[in-house]
Structures are given as structure tokens and as C-alpha cells.
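Student: Got a predicted structure here, sequence first:
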Amino acid sequence: MTPEQSLQVISDAIAKSRKDFEKHAGTPMTFWGCIVLLFSITVWILLMLTGNPVWNFLWFGIPVVGWVLFPIVLKGKCKSGGKSFISRSIGQIWLTYGIFATVLATVFAFIAPHLTGYLTVAMLGFAAAMTGFVLKNNYITIGGFITGIGCTIALFCFQNELAPLWVAVASVLNLIVPGIMMNKKAE
């Protein structure tokens, strides 16, 4: 086998891995987007009704509820063809986001709670943009940039009072819509 043929085999394997991942990633993305959307709207409503910032601690329920419901709700709906380079890479991007978001939100809750929304939305956009780059999916990449930069700036302009709504926008833009698009493409 020539070096060119070897490179072509590797390129084809990566392209197949990317396509297989996209075929099965839509449902989990939509699921997590809906969980984030539900919590965002709930936190926003409770903050508006009571004015009590203690409701921000509900954000920590996202991973708890998500990981409890994920295997129940999606039982049999997500097939895994094994861990590929693409699926591992994207899994590591979102695991890193989850760790950073949880740790920094915990720290900021005590030292600078007004900055938590900015940080969370910016990191969500970054993780989404990186996912788009890995998948070579322009919609996800652009959505990530819009979220990471645009929603963060909008959040600043509205003095953080609408932070949960901007997180809701980010979940729709970066998780729900791309997930639905991937599911439609996989049909």
C-alpha cells in the first residue's frame, strides 16, 4: 500500500466515524437540550416570581436529573457502534464543559454569582463550536459562536436578569435544533 493509499484509508475511516456519530448523536443532543431548556425556564420563572437567588441552585439539578432520566427515556433509542475517535473526542469536549461548568458555577455562586450566567453561556458556546469543528458541521459551529459571543454580550446588556432565558436560547441553538437536524438527516 502506498503512503497516499494509507492516508486515504485513514481519511475514509475518520469520515465514516463522523457520519456514524452524527447518525446516533441527534437524540442525546435533543434530550440534553430539553433538560437544559426545562431547567432554564423553571429557574427564570422562579426568579421572576420570588426574586430569591437561591433558585439558581436548581442549575445543579441538570446533571442529576439528566443522568437519572437518560437511560430510562432513551432506552433502546440510541445505538452505540462502539467508541470511535470522533465519539470519544466529542464526549471529552462535553465532559470537560460539564466539569468546568459545575466547578466554576459552584465557586462563582459564592464569590461572584452575577458572573455565573456569562461564564456558563460562553463555555456552552465554546463546547458547541468545538463539536461543530470536529463534526465539520457549520450549523453547530456557527451556533456555538453565536451563543458563546452573542448570547454572552446580550446577557451583559440585560444586567444578568435574563440569564436563564439566554441559557434557554443557547440550549435550543446548540443542542435541540442540531439534534433534530441530525435525526432528520439520519432517517
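Tutor: Arrived safely.

Student: And I140, what's its pLDDT?
Tutor: What the model reports as pLDDT for I140 is 90.

Student: again, but for K19
Tutor: pLDDT for K19: 69.

Student: What of G125?
Tutor: 92.

Student: Helix or strand: which one has it?
Tutor: helix 116-135 (DSSP states H and E).

Student: Buried residues of that helix, list them for me.
Tutor: Buried residues in helix 116-135, counted by 16 or more other CB atoms under 10 Å: 116-132, 134-135. From N, CA and C alone the C-beta is placed, and that goes for glycine too.

Student: longest helix anywhere in this structure?
Tutor: If you go by DSSP state H, the chain has its longest helix at helix 3-50.

Student: quick one: it to chain centroid distance?
Tutor: 7 Å (CA atoms, centre = their mean, to the nearest Å).

Student: what's the answer for stretch 144-159, then?
Tutor: On CA atoms, centre = their mean, the centre of stretch 144-159 falls 16 Å from the chain's centre.

Student: what does stretch 1-21 give?
Tutor: 28 Å.

Student: outside of it, which residues touch it?
Tutor: 81, 84-87, 90, 134-136 (CB atoms under 8 Å, 6 or more residues apart in numbering).

Student: Closest one of the residues you listed to S40?
Tutor: Relative to S40, the closest of those is I90; by CB to CB it sits at 22.5 Å.

Student: From L165, how far out is the closest one?
Tutor: Computed with CB to CB, to the nearest Å, the distance linking I90 and L165 is 27 Å.
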